[in-house]
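Colleague: need coordinates for the following:
(chains A, B, C and D)
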2 protein chains.
Amino acid sequence: MTSTLGYAILTALARKPRSGYELACSMGRPLGYFWTARHSQIHPELQRMVAAGLVSFEQVPGPGPQRKKIYSITGKGRDALREWAVEPPQARPERDELALKAYAAWLADPAELAKLFQAQLEEHERRLAAYEDERASFAGVPGSDSQSFGDYAALWCGISYENHRIAWCRWMIEQLGAERAPRAASGAAWCEM
Amino acid sequence: MTSTLGYAILTALARKPRSGYELACSMGRPLGYFWTARHSQIHPELQRMVAAGLVSFEQVPGPGPQRKKIYSITGKGRDALREWAVEPPQARPERDELALKAYAAWLADPAELAKLFQAQLEEHERRLAAYEDERASFAGVPGSDSQSFGDYAALWCGISYENHRIAWCRWMIEQLGAERAPRAASGAAWCEM
DNA sequence: AAATCCATGTAATTAGTTACATGATTCG
DNA sequence: CGAATCATGTAACTAATTACATGGATTT
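Modeller: I've put the predicted structure just below:
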């Protein structure tokens, strides 16, 4: 019915009403970890969704030229979101530029590539630490019918993903460091996390 | 210099010369696992890259209206690829529709959502099995200066990713099955793979 | 006074998908 | 003889980014 961005907006509005600005810049934690959009994409999308009856808005006198709009999800929007949530995701092909660089690793300078993977590793370690901090604020797994279950489930996914990425970066750095030295297949340790 | 698609094409042509058709449909294993494009995107890109001197082509009498073109990477193309390989990847924001659905899980029907994650789980298990098959054809880790190191590195990434995804899907199914029953935080087993 | 934040929009461009268009060869 | 495969291209459209444009309120 709407684009995936539309549903991303609906998941945010289902939690609490927001302005387009808030949607755009608080497309940081946790939503921004798995879906992002700029305000230039969000504002037109909100207009379409108002026209489709999925969201409504209310003008409030916020700063700026007095034209702050607070958007809320409508009953129709909530129904659409509920239906969408259980439909299979449209298989968007994975595009992983770092994997592509790894695929071309054999003709690159190993030391330079190792530096690149080191920087990526540190970035993923930073993200993992931030996710772990957030996880620490949960006392046990929320029930699957509670709002915070969504937060927790997405966080679980993020932590698992960062762990995978960290393991791969470490392995790459190790391999690139061990230039020319003969390597044994590391047996049971292969792909171990 | 070129788009990322251009570099994806160069990584393929650096291994062996190919026609546009072969590039398009053999953007299956292993390249297709982390970068894909349709022929309608590949043909114009090849034309641009010929103009930029990154690839060259040779007409050969293949089937069809005799106009099969075999593209090869040029010295300039190889240099560009070498440089690109060690540059930091442009952070393209992650867009994960399944994580988005998980984030909206609290207002969806748990049984239906579990079915969805079950289907995803099976898909990832199929892929993992295919990757493991490919991995079995390697006798140890190739040296980082050999062409097959690229294959192996990308495969490692793929296997690790599928393992992460499988673990998350299993956890989601478990949580969605345990409707309403009180859940203990599964302690040390949290996010365990 | 300048910078930053809050706030909303439009325009231009790039990337990517789907559909349209053509045509020879090979296999059943 | 029809379907699938090999082969190359263009056109239309959707999604997303970057840049342009405006302007009040708050902080330094």
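
Colleague: quick one: low-confidence ranges for chain A?
Modeller: Residues of chain A meeting the criterion pLDDT under 70: A:28, A:63-65, A:179-193.

Colleague: and it, what are its domains?
Modeller: A:4-85, A:97-189 (automatic domain parsing).

Colleague: nearest to DNA strand C, out of those?
Modeller: domain A:4-85 (3.0 Å; Cβ to the nearest atom of the strand). (C-beta placed from N, C-alpha, C; glycine too.)

Colleague: is the closest one up against chain B anywhere?
Modeller: Yes. Using Cβ under 8 Å from any Cβ of the partner chain, we find that domain A:4-85 touches chain B at A:4, A:7-8, A:10-11, A:14, A:30-36, A:78, A:81-82, A:84-85.

Colleague: now that domain, how far from the centre of its chain.
Modeller: Computed by Cα atoms, centre = their mean, to the nearest Å, the chain-centroid distance of domain A:4-85 equals 17 Å.

Colleague: does DNA strand C sit close to that domain?
Modeller: Yes. Contact between domain A:4-85 and DNA strand C, assessed by Cβ under 7 Å from any atom of the strand, occurs at A:19-22, A:24-25, A:39-40, A:43-44, A:46-47, A:62-65, A:67-69.

Colleague: now do that domain: distance from first to last residue.
Modeller: Start-to-end span of domain A:4-85 (Cα to Cα, to the nearest Å) is 11 Å.

Colleague: just how off-centre is the longest helix belonging to chain A within its chain?
Modeller: Longest among the helix segments of chain A by residue count, using DSSP state H, is helix A:147-177. Centroid displacement of helix A:147-177 relative to its chain, using Cα atoms, centre = their mean, is 12 Å.

Colleague: buried ones in it?
Modeller: Across helix A:147-177, burial judged by 16 or more other Cβ atoms under 10 Å in any protein chain shown covers A:149-173, A:175-176.

Colleague: what about A:L128, which SS state?
Modeller: Put simply, A:L128 is helix when judged by DSSP: H, G, I helix; E, B strand; the rest coil.

Colleague: chain A: helices as residue ranges?
Modeller: So, for chain A - with DSSP H - the helices run A:4-15, A:20-25, A:39-51, A:75-85, A:97-103, A:110-136, A:147-177.

Colleague: tell me which of those is the most buried.
Modeller: Mean neighbours per residue, mean count of other Cβ atoms under 10 Å in any protein chain shown, is largest over the helices of chain A for helix A:97-103, with a mean of 25.

Colleague: how about that helix against chain B, any contact?
Modeller: Yes. Helix A:97-103 is in contact with chain B by Cβ under 8 Å from any Cβ, via A:E97, A:L98, A:A99, A:L100, A:K101, A:A102, A:Y103.

Colleague: which of those lies closest to A:L116?
Modeller: Taking Cβ to Cβ as the measure, A:L116 lies nearest A:K101 of those, at 7.3 Å.
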